[in-house]
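**Q** next comes the sequence, and after it the predicted model I'd like to discuss.
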Amino acid sequence: MARPSIGWIGAGRMGAAMVKRLGAAGYDVAVYNRTRAKAEALGVTVVDRPVDLAGRDIVFTMVAASADLEQVTSGDHGLFTDPDVAPRVVIDSSTVSEEASAAVRVAARKRGSELLAAPVSGNPKVVAAGRLTLAVSGPRAVFDEVEPVLRALGRGVTYVGEDEVARLVKIAHNVFLGVVVQSLSEITVLAEKGGVSRAAFLEFLNDSVLGSAFTRYKSPALVNLDFTPTFTMPLLRKDFDLGLAAARSLEAPMPIASATAQLIASAIGAGHTEQDFATLLLEQARRAGLALEPENVSVDDGLTPDE
(Lines give C-alpha, C1' and ligand atoms only; values in the text may rest on other atoms or scores of the structure.)
Protein backbone atom coordinates (compact mmCIF):
# COMPACT_ATOMS: atom_id res chain seq x y z
CA MET A 1 0.00 0.00 0.00
CA ALA A 2 1.33 3.43 -0.95
CA ARG A 3 2.25 5.73 1.89
CA PRO A 4 -0.24 8.55 2.44
CA SER A 5 0.67 12.07 1.43
CA ILE A 6 1.00 14.41 4.42
CA GLY A 7 0.11 18.07 4.88
CA TRP A 8 1.27 20.09 7.87
CA ILE A 9 -0.12 23.40 9.15
CA GLY A 10 2.00 25.24 11.73
CA ALA A 11 5.79 24.93 11.58
CA GLY A 12 6.84 26.50 14.85
CA ARG A 13 9.59 24.93 16.96
CA MET A 14 7.58 21.80 17.73
CA GLY A 15 5.92 21.54 14.33
CA ALA A 16 9.23 21.89 12.51
CA ALA A 17 10.82 19.13 14.60
CA MET A 18 7.88 16.79 13.90
CA VAL A 19 7.95 17.54 10.16
CA LYS A 20 11.62 16.54 10.14
CA ARG A 21 10.71 13.20 11.77
CA LEU A 22 8.10 12.49 9.11
CA GLY A 23 10.49 13.44 6.33
CA ALA A 24 13.20 11.20 7.79
CA ALA A 25 10.67 8.35 7.85
CA GLY A 26 10.14 8.76 4.11
CA TYR A 27 6.80 10.55 3.99
CA ASP A 28 6.00 13.16 1.35
CA VAL A 29 5.22 16.28 3.40
CA ALA A 30 3.94 19.70 2.29
CA VAL A 31 3.79 22.55 4.81
CA TYR A 32 1.87 25.75 5.37
CA ASN A 33 3.16 28.22 7.95
CA ARG A 34 2.09 31.80 8.55
CA THR A 35 5.75 32.84 8.29
CA ARG A 36 6.72 31.17 5.04
CA ALA A 37 10.49 31.44 5.58
CA LYS A 38 10.33 29.14 8.61
CA ALA A 39 8.69 26.44 6.50
CA GLU A 40 11.12 26.91 3.62
CA ALA A 41 14.01 26.26 5.99
CA LEU A 42 12.74 22.68 6.39
CA GLY A 43 13.53 21.79 2.78
CA VAL A 44 10.02 20.48 2.02
CA THR A 45 7.23 21.59 -0.31
CA VAL A 46 5.74 24.85 0.98
CA VAL A 47 2.25 26.11 0.11
CA ASP A 48 0.77 29.59 0.38
CA ARG A 49 -2.56 28.77 2.07
CA PRO A 50 -4.00 26.02 4.26
CA VAL A 51 -6.53 25.18 1.54
CA ASP A 52 -3.63 24.25 -0.75
CA LEU A 53 -3.21 21.14 1.42
CA ALA A 54 -6.81 19.96 0.96
CA GLY A 55 -5.78 17.30 -1.55
CA ARG A 56 -3.42 15.58 0.89
CA ASP A 57 -4.45 12.27 2.47
CA ILE A 58 -3.64 13.33 6.03
CA VAL A 59 -3.18 16.88 7.32
CA PHE A 60 -1.68 17.68 10.72
CA THR A 61 -2.45 20.97 12.44
CA MET A 62 -0.31 22.41 15.23
CA VAL A 63 -1.21 25.99 16.05
CA ALA A 64 -1.10 28.20 19.12
CA ALA A 65 -4.70 28.53 20.22
CA SER A 66 -8.35 27.59 19.63
CA ALA A 67 -9.03 30.62 17.42
CA ASP A 68 -6.02 29.77 15.25
CA LEU A 69 -7.27 26.21 14.73
CA GLU A 70 -10.68 27.44 13.65
CA GLN A 71 -9.06 29.99 11.32
CA VAL A 72 -6.76 27.54 9.49
CA THR A 73 -9.56 25.02 9.03
CA SER A 74 -12.71 27.05 8.34
CA GLY A 75 -11.52 30.65 7.99
CA ASP A 76 -10.48 32.45 4.80
CA HIS A 77 -8.60 29.97 2.58
CA GLY A 78 -8.90 27.38 5.35
CA LEU A 79 -8.34 23.68 4.89
CA PHE A 80 -12.07 22.92 4.52
CA THR A 81 -12.88 25.72 2.06
CA ASP A 82 -12.12 23.88 -1.20
CA PRO A 83 -15.55 22.81 -2.53
CA ASP A 84 -14.14 19.83 -4.42
CA VAL A 85 -11.63 18.14 -2.13
CA ALA A 86 -10.77 17.66 1.55
CA PRO A 87 -8.23 15.48 3.36
CA ARG A 88 -9.36 12.05 4.49
CA VAL A 89 -8.04 12.62 8.02
CA VAL A 90 -7.09 15.72 10.00
CA ILE A 91 -4.84 15.17 13.02
CA ASP A 92 -4.72 18.11 15.39
CA SER A 93 -1.81 18.33 17.83
CA SER A 94 -2.58 21.82 19.14
CA THR A 95 -3.43 22.42 22.80
CA VAL A 96 -6.96 23.80 22.46
CA SER A 97 -10.24 23.65 24.32
CA GLU A 98 -12.60 20.70 23.99
CA GLU A 99 -15.24 23.08 22.61
CA ALA A 100 -12.98 24.30 19.81
CA SER A 101 -11.94 20.75 19.00
CA ALA A 102 -15.58 19.61 18.84
CA ALA A 103 -16.45 22.50 16.52
CA VAL A 104 -13.63 21.58 14.14
CA ARG A 105 -14.72 17.93 14.27
CA VAL A 106 -18.20 18.95 13.10
CA ALA A 107 -16.73 21.13 10.33
CA ALA A 108 -14.49 18.24 9.22
CA ARG A 109 -17.36 15.77 8.97
CA LYS A 110 -19.35 18.20 6.85
CA ARG A 111 -16.51 17.95 4.34
CA GLY A 112 -16.19 14.17 4.60
CA SER A 113 -13.06 14.32 6.79
CA GLU A 114 -12.43 12.72 10.17
CA LEU A 115 -10.64 14.49 13.01
CA LEU A 116 -8.27 12.90 15.47
CA ALA A 117 -7.24 14.96 18.50
CA ALA A 118 -3.58 14.09 19.07
CA PRO A 119 -1.90 16.43 21.57
CA VAL A 120 1.73 15.65 22.35
CA SER A 121 4.09 15.56 25.30
CA GLY A 122 7.59 16.81 24.62
CA ASN A 123 9.59 19.64 23.09
CA PRO A 124 11.84 19.89 20.03
CA LYS A 125 14.77 18.19 21.74
CA VAL A 126 12.52 15.36 22.90
CA VAL A 127 11.20 15.01 19.33
CA ALA A 128 14.75 14.84 17.94
CA ALA A 129 15.58 12.12 20.48
CA GLY A 130 12.62 10.05 19.29
CA ARG A 131 10.88 10.23 22.68
CA LEU A 132 7.76 12.20 21.82
CA THR A 133 4.48 10.76 23.13
CA LEU A 134 0.95 11.34 21.86
CA ALA A 135 -2.53 10.88 23.34
CA VAL A 136 -5.09 10.33 20.60
CA SER A 137 -8.89 10.38 20.58
CA GLY A 138 -11.53 10.09 17.90
CA PRO A 139 -12.95 7.22 15.84
CA ARG A 140 -11.02 4.04 16.66
CA ALA A 141 -11.04 2.80 13.06
CA VAL A 142 -9.46 6.06 11.88
CA PHE A 143 -6.81 5.82 14.59
CA ASP A 144 -5.98 2.27 13.51
CA GLU A 145 -5.59 3.47 9.92
CA VAL A 146 -3.13 6.27 10.66
CA GLU A 147 -1.29 4.76 13.64
CA PRO A 148 1.83 3.95 11.57
CA VAL A 149 2.17 7.64 10.66
CA LEU A 150 1.78 8.67 14.30
CA ARG A 151 4.38 6.14 15.41
CA ALA A 152 6.92 7.76 13.09
CA LEU A 153 6.79 10.82 15.37
CA GLY A 154 8.02 9.24 18.59
CA ARG A 155 8.04 6.33 20.98
CA GLY A 156 4.57 6.41 22.52
CA VAL A 157 1.12 6.62 20.88
CA THR A 158 -1.84 5.95 23.19
CA TYR A 159 -5.44 5.74 22.05
CA VAL A 160 -7.44 7.22 24.95
CA GLY A 161 -11.03 7.17 23.68
CA GLU A 162 -13.63 8.87 21.52
CA ASP A 163 -14.24 12.49 20.62
CA GLU A 164 -12.21 15.09 22.56
CA VAL A 165 -10.96 13.15 25.59
CA ALA A 166 -7.32 13.44 24.44
CA ARG A 167 -7.64 17.18 25.14
CA LEU A 168 -8.36 16.47 28.80
CA VAL A 169 -5.45 14.02 28.94
CA LYS A 170 -3.10 16.70 27.60
CA ILE A 171 -4.39 19.40 29.93
CA ALA A 172 -4.10 17.08 32.94
CA HIS A 173 -0.55 16.27 31.84
CA ASN A 174 0.44 19.93 31.60
CA VAL A 175 -1.12 20.83 34.94
CA PHE A 176 0.95 18.06 36.50
CA LEU A 177 3.99 19.45 34.65
CA GLY A 178 3.56 22.81 36.37
CA VAL A 179 2.97 21.27 39.79
CA VAL A 180 6.08 19.08 39.42
CA VAL A 181 8.34 22.01 38.46
CA GLN A 182 7.03 24.14 41.33
CA SER A 183 7.57 21.29 43.81
CA LEU A 184 11.01 20.56 42.33
CA SER A 185 11.90 24.24 42.68
CA GLU A 186 10.83 24.27 46.33
CA ILE A 187 12.88 21.27 47.40
CA THR A 188 15.91 22.36 45.36
CA VAL A 189 15.89 25.79 47.00
CA LEU A 190 15.45 24.16 50.40
CA ALA A 191 18.49 21.94 49.82
CA GLU A 192 20.62 24.81 48.55
CA LYS A 193 19.70 27.06 51.44
CA GLY A 194 20.84 24.26 53.72
CA GLY A 195 24.24 24.10 52.02
CA VAL A 196 23.78 21.50 49.26
CA SER A 197 24.64 22.40 45.66
CA ARG A 198 21.84 22.11 43.15
CA ALA A 199 23.96 19.76 41.04
CA ALA A 200 24.54 17.36 43.96
CA PHE A 201 20.94 17.43 45.14
CA LEU A 202 19.49 16.82 41.68
CA GLU A 203 22.00 14.06 40.93
CA PHE A 204 20.83 12.27 44.08
CA LEU A 205 17.17 12.85 43.25
CA ASN A 206 17.50 11.68 39.67
CA ASP A 207 19.19 8.45 40.73
CA SER A 208 16.51 7.74 43.34
CA VAL A 209 13.11 6.14 42.82
CA LEU A 210 11.63 9.65 42.68
CA GLY A 211 13.76 10.66 39.71
CA SER A 212 12.19 10.69 36.26
CA ALA A 213 13.02 11.43 32.66
CA PHE A 214 11.52 14.86 33.23
CA THR A 215 13.44 15.77 36.40
CA ARG A 216 16.66 14.65 34.72
CA TYR A 217 15.83 16.62 31.58
CA LYS A 218 15.18 19.80 33.58
CA SER A 219 18.26 19.46 35.80
CA PRO A 220 20.71 21.32 33.51
CA ALA A 221 18.40 24.35 33.47
CA LEU A 222 18.03 24.36 37.25
CA VAL A 223 21.74 23.85 37.88
CA ASN A 224 23.12 26.30 35.33
CA LEU A 225 20.17 28.71 35.15
CA ASP A 226 19.86 28.32 31.39
CA PHE A 227 16.21 29.14 30.77
CA THR A 228 16.18 28.96 26.99
CA PRO A 229 12.46 28.44 26.38
CA THR A 230 10.97 25.03 25.71
CA PHE A 231 7.59 26.07 27.12
CA THR A 232 6.88 29.55 28.41
CA MET A 233 5.01 30.64 31.52
CA PRO A 234 2.09 32.26 29.63
CA LEU A 235 1.50 28.99 27.75
CA LEU A 236 1.59 27.10 31.04
CA ARG A 237 -0.93 29.54 32.55
CA LYS A 238 -3.24 28.95 29.58
CA ASP A 239 -3.17 25.21 30.27
CA PHE A 240 -3.81 25.74 33.98
CA ASP A 241 -6.81 27.91 33.10
CA LEU A 242 -8.16 25.11 30.90
CA GLY A 243 -7.43 22.48 33.54
CA LEU A 244 -9.07 24.36 36.37
CA ALA A 245 -12.08 25.11 34.18
CA ALA A 246 -12.41 21.37 33.49
CA ALA A 247 -12.08 20.68 37.21
CA ARG A 248 -14.92 23.08 38.00
CA SER A 249 -17.09 21.54 35.28
CA LEU A 250 -16.45 17.99 36.49
CA GLU A 251 -16.60 18.88 40.22
CA ALA A 252 -13.07 17.56 40.74
CA PRO A 253 -11.27 19.71 43.36
CA MET A 254 -7.58 20.42 42.62
CA PRO A 255 -6.22 22.38 45.61
CA ILE A 256 -2.53 21.87 44.81
CA ALA A 257 -3.02 22.85 41.16
CA SER A 258 -4.99 25.92 42.25
CA ALA A 259 -2.15 27.05 44.52
CA THR A 260 0.39 26.45 41.75
CA ALA A 261 -1.71 28.53 39.34
CA GLN A 262 -1.36 31.51 41.68
CA LEU A 263 2.43 31.07 41.77
CA ILE A 264 2.54 30.90 37.98
CA ALA A 265 0.50 34.12 37.77
CA SER A 266 2.89 35.74 40.26
CA ALA A 267 5.90 34.72 38.16
CA ILE A 268 4.31 36.19 35.05
CA GLY A 269 3.62 39.40 36.98
CA ALA A 270 7.31 39.49 37.92
CA GLY A 271 8.21 39.48 34.21
CA HIS A 272 8.98 35.82 33.53
CA THR A 273 7.20 35.65 30.19
CA GLU A 274 9.79 34.90 27.50
CA GLN A 275 11.99 32.35 29.26
CA ASP A 276 11.32 28.72 30.10
CA PHE A 277 8.72 27.99 32.77
CA ALA A 278 11.53 26.52 34.92
CA THR A 279 12.10 30.14 35.97
CA LEU A 280 9.66 29.20 38.73
CA LEU A 281 12.93 28.30 40.47
CA LEU A 282 14.02 31.95 40.47
CA GLU A 283 10.78 33.12 42.06
CA GLN A 284 10.99 30.39 44.69
CA ALA A 285 14.55 31.41 45.51
CA ARG A 286 13.54 35.08 45.73
CA ARG A 287 10.79 34.27 48.21
CA ALA A 288 13.34 32.30 50.24
CA GLY A 289 15.81 35.19 50.24
CA LEU A 290 18.33 33.24 48.20
CA ALA A 291 20.32 34.72 45.30
CA LEU A 292 21.05 31.98 42.78
CA GLU A 293 24.14 31.79 40.59
CA PRO A 294 24.86 29.37 37.73
CA GLU A 295 26.92 26.45 38.99
CA ASN A 296 28.56 25.98 35.57
CA VAL A 297 28.90 22.21 35.72
CA SER A 298 28.08 19.60 33.11
CA VAL A 299 24.77 17.87 33.81
CA ASP A 300 23.38 14.96 31.78
CA ASP A 301 19.84 15.68 30.59
CA GLY A 302 19.15 12.01 29.84
CA LEU A 303 18.21 12.61 26.20
CA THR A 304 20.23 10.77 23.58
CA PRO A 305 19.19 11.38 19.95
CA ASP A 306 18.48 8.37 17.78
CA GLU A 307 21.52 7.05 15.98
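**A** Perfect, I can see it now.
**Q** please make it C-alpha for all contacts and neighbour counts, starting now.
**A** Will do.
**Q** what's the helix or strand hosting Val31 in contact with?
**A** Secondary structure assigned from DSSP states H and E places Val31 in strand 29-32. Residues lying outside strand 29-32 but in contact with it, judged by C-alpha atoms under 8 Å, 6 or more residues apart in numbering, are 5-11, 19, 22-23, 39, 44-50, 53.
**Q** what of stretch 123-137?
**A** Applying C-alpha under 8 Å, 6+ apart, the external contacts of stretch 123-137 come out as 13-14, 17-18, 21, 116-122, 143, 153-166, 169-170, 230-231, 303-306.
**Q** beta partners for Val157?
**A** Note on Val157: beta-bridge partners Leu134, judged by DSSP bridges.
**Q** how about the contacts made by it?
**A** Shown in contact with Val157 (C-alpha under 8 Å, 6+ apart): Thr133, Leu134, Ala135, Val136, Glu147, Leu150, Arg151.
**Q** look up how far Asp144 lies from it.
**A** Between Val157 and Asp144 the distance is 11 Å, computed by C-alpha to C-alpha, to the nearest Å.
**Q** go on, Arg216?
**A** Per C-alpha to C-alpha, Arg216 is found 33 Å from Asp144.
**Q** ok, those two, which is more surrounded?
**A** Arg216 (20 against 10; other C-alpha atoms under 10 Å).
**Q** SS state for the spatially closest residue to the more buried one that is not a sequence neighbour?
**A** The shortest distance from Arg216 to any non-neighbouring residue, by C-alpha to C-alpha, 6 or more residues apart in numbering, is to Asp301 (5.3 Å). State at Asp301, reduced to three classes by DSSP: H, G, I helix; E, B strand; the rest coil: coil.
**Q** so Asp301 makes contact with Tyr217?
**A** Yes. Using C-alpha atoms under 8 Å, Asp301 makes contact with Tyr217 at a distance of 4.2 Å.
**Q** report the set of residues contacting both of the two.
**A** Counting by C-alpha under 8 Å, 6+ apart, nothing touches both Asp301 and Tyr217.
**Q** if we can go back for a sec, of the contacts of Val157 - the most surrounded one?
**A** That'd be Val136 among those, by other C-alpha under 10 Å, with 31 neighbours.
**Q** ok, residues contacting stretch 108-115?
**A** Counting by C-alpha under 8 Å, 6+ apart, residues outside stretch 108-115 touching it are 80, 86-92, 104-105, 138-139, 142.
**Q** Throw together a ChimeraX command that grabs the buried residues out of the residues you listed.
**A** What follows is the ChimeraX syntax for the buried subset of these, where burial is set by 16 or more other C-alpha atoms under 10 Å:
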select :80,86,87,88,89,90,91,92,104,105,138,139
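**Q** now, which of the contacts of stretch 108-115 sits nearest Ala64?
**A** Distances from Ala64 to those, taken as C-alpha to C-alpha, are shortest for Asp92 (11.3 Å).
**Q** who touches stretch 37-48?
**A** Judged by C-alpha under 8 Å, 6+ apart, the contacts made with stretch 37-48 from elsewhere in the structure are Ala11, Gly12, Ala16, Val19, Lys20, Val29, Ala30, Val31, Tyr32, Asn33, Arg36, Leu53.
**Q** out of those residues, which are buried?
**A** When neighbours are counted using 16+ other C-alpha under 10 Å, the contacts of stretch 37-48 contain these buried positions: Ala11, Gly12, Ala16, Val19, Lys20, Val29, Ala30, Val31, Tyr32, Asn33, Leu53.
**Q** turn those residues into TSV, including distance to Glu192 and pLDDT.
**A** Shown next, in TSV, are those (distance: C-alpha to C-alpha, whole Å; pLDDT from 0 to 100):
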residue	distance to Glu192	pLDDT
Ala11	40	95
Gly12	36	92
Ala16	38	96
Val19	41	97
Lys20	40	96
Val29	48	98
Ala30	49	98
Val31	47	98
Tyr32	47	98
Asn33	44	97
Leu53	53	98
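**Q** adding distance to Asp239, write those out as JSON lines.
**A** Putting the buried ones among the contacts of stretch 37-48 into JSON lines (distance: C-alpha to C-alpha, whole Å) gives the following:
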{"residue": "Ala11", "distance to Asp239": "21"}
{"residue": "Gly12", "distance to Asp239": "18"}
{"residue": "Ala16", "distance to Asp239": "22"}
{"residue": "Val19", "distance to Asp239": "24"}
{"residue": "Lys20", "distance to Asp239": "26"}
{"residue": "Val29", "distance to Asp239": "30"}
{"residue": "Ala30", "distance to Asp239": "29"}
{"residue": "Val31", "distance to Asp239": "27"}
{"residue": "Tyr32", "distance to Asp239": "25"}
{"residue": "Asn33", "distance to Asp239": "23"}
{"residue": "Leu53", "distance to Asp239": "29"}
